[in-house]
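Visitor: sequence isn't available, so here's the structure alone:
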């Protein structure tokens, strides 16, 4: 039989260095699997592989040591079970995410839901070069969005209700970047220093700091690989309902400005971030 | 108005997250409405303890810097 390796890669089958041995790459939605899915994956690994699963850096689960003769059988089972396969090559890859505001006390935005929307809209799409997406619920950036081609960081804008403020100075002391100073008994915020992590809002004893705008800062051009670099901010306070369209804009700039073989990082390095951002609006 | 302090706790010798754990356990010994006095250091403890206390629904009544880098919190148990 002839093997179309590219077609296999698209469907999450990666060739091992050993002859006729393959890895089945499964993806998750922001790193979440149900107990049932975990049991199904374990069962597949025991029946088709060597009984172990490799957890990938992109929150996927890979079953190595699948013989090519079992390709049709395991593919059929995966489809019937509704497990999601990963991908490879010049496509939108598995979206990674932190636990987000459903679980984490620092979380500002819902990482799981937004990662799921991104998966539904973009996963597997053919793009000029591999493009990785990540969602973090707050500026702690645990999902490493700045290391991805496109990353989102949950942010919240603190708004002062002066009438409520008791001038205790706690916000000045709790701000991790020194963005708040007490002037004439009232806190003043330096917007250039503020990380929009909401620490002042969470700490204020009398709720004088209230949550204003909430959304995501969008980063583009992060990558690891042999020449790693961090992404740069290309949009601020993107509301939840505009996350998908923001990715479309970034992909449009990448498609129009990118040279062959470039990842978003290389395109931004070559054309400059201003030109890239301009390209998102055209 | 003087706030009646029920009991006092010093976590200036502890690091996070023990600072919050000790504060939480001490608060659990109190009745609703009673006030705990906590002494804690600046830096991580003052960044973390008040927000965690507030997150658990308790009320911070007062924050004072008693000396450089050392704070006194008054917390009313929820």
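Guide: Looks like it came in fine. Worth saying up front: this structure is predicted, and the values here are computed from it rather than measured.
Visitor: so what are the sheet partners of the one helix or strand residue A:215 maps to and their directions?
Guide: Using DSSP states H and E, residue A:215 sits within strand A:209-220. Applying DSSP bridges, strand A:209-220 is found paired with strand A:150-160 (antiparallel), strand A:232-238 (antiparallel).
Visitor: and those, which is most packed in?
Guide: Highest mean neighbour count of these: strand A:150-160, a mean of 24 (counted as mean count of other C-beta atoms under 10 Å in any protein chain shown). (Glycine included, C-beta is placed from N, CA and C.)
Visitor: that one - what's its average pLDDT?
Guide: Averaging pLDDT along strand A:150-160 gives 98.
Visitor: need the residues of the stretch 51-200 of chain A near chain B, please.
Guide: Applying C-beta under 8 Å from any C-beta of the partner chain, we find that the stretch 51-200 of chain A lies next to chain B at A:105, A:168-170, A:173-174, A:176, A:199.
Visitor: show me how far the strand holding residue A:215 is from its chain's centre.
Guide: 16 Å (C-alpha atoms, centre = their mean, to the nearest Å).
Visitor: residue A:274 - how many residues pack around it?
Guide: 9 (other C-beta atoms under 10 Å in any protein chain shown).
Visitor: tell me which element it falls in.
Guide: helix A:273-281.
Visitor: list the helices and strands that helix packs on?
Guide: strand A:232-238, helix A:243-257, helix A:264-271 (3 or more C-beta pairs under 8 Å, 6 or more residues apart in numbering or on different chains; DSSP states H and E).
Visitor: and that helix, average pLDDT?
Guide: 97.
Visitor: now stretch A:211-224
Guide: 97.
Visitor: that one: which residues count as buried?
Guide: Going by neighbour count (16 or more other C-beta atoms under 10 Å in any protein chain shown), the buried part of stretch A:211-224 is A:214-223.
Visitor: about what we covered before: by neighbours, which of the residues of the stretch 51-200 of chain A next to chain B wins?
Guide: Of these, with other C-beta under 10 Å as the count, residue A:170 tops at 29 neighbours.
Visitor: quick one: the strands in chain B?
Guide: Along chain B, the segments classed as strands by DSSP state E run B:7-10, B:35-41, B:59-67, B:70-76.
Visitor: do the third one and chain A meet at all?
Guide: Read that as strand B:59-67. Yes - counting by C-beta under 8 Å from any C-beta, chain A is contacted by strand B:59-67 at B:59-65.
Visitor: residues making contact with that strand?
Guide: With contacts defined as C-beta atoms under 8 Å, 6 or more residues apart in numbering or on different chains, strand B:59-67 is touched by A:168-170, A:173, A:205, B:3, B:35, B:39, B:42, B:50, B:53-54, B:71-76, B:78.
Visitor: likewise the first one?
Guide: Surrounding strand B:7-10, the residues in contact under the criterion C-beta under 8 Å, 6+ apart are B:22-23, B:26, B:29-30, B:34, B:36-39.
Visitor: so for that strand, what gets flagged as buried?
Guide: In strand B:7-10, counting by 16+ other C-beta under 10 Å, buried: residue B:9.
Visitor: relative to that strand, what are the paired strands and their orientations?
Guide: In the sheet, strand B:7-10 lines up against strand B:35-41 (parallel) (DSSP bridges).
Visitor: redo the strands of chain B as TSV? Include mean pLDDT and distance to residue A:32.
Guide: Output for these, formatted as TSV (pLDDT from 0 to 100; distance: least, C-beta to C-beta, whole Å):
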stretch	mean pLDDT	distance to residue A:32
strand B:7-10	95	38
strand B:35-41	96	36
strand B:59-67	91	35
strand B:70-76	94	35
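Visitor: is whichever residue of chain B sits closest to chain A bridged to anything, and to what?
Guide: Chain B approaches chain A most closely through residue B:60 (3.5 Å), counting by C-beta to the nearest C-beta. When bridges are called by DSSP bridges, residue B:60 pairs up with residue B:75.
Visitor: how many neighbours does it have?
Guide: Residue B:60 - counted by other C-beta under 10 Å - has 21 other residues nearby.
Visitor: how about residue A:6?
Guide: 9.
Visitor: tabulate the residues of the stretch 51-200 of chain A next to chain B in CSV, adding columns for pLDDT.
Guide: As requested, these are exported to CSV (pLDDT from 0 to 100):
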residue, pLDDT
A:105, 88
A:168, 88
A:169, 88
A:170, 90
A:173, 88
A:174, 88
A:176, 89
A:199, 92
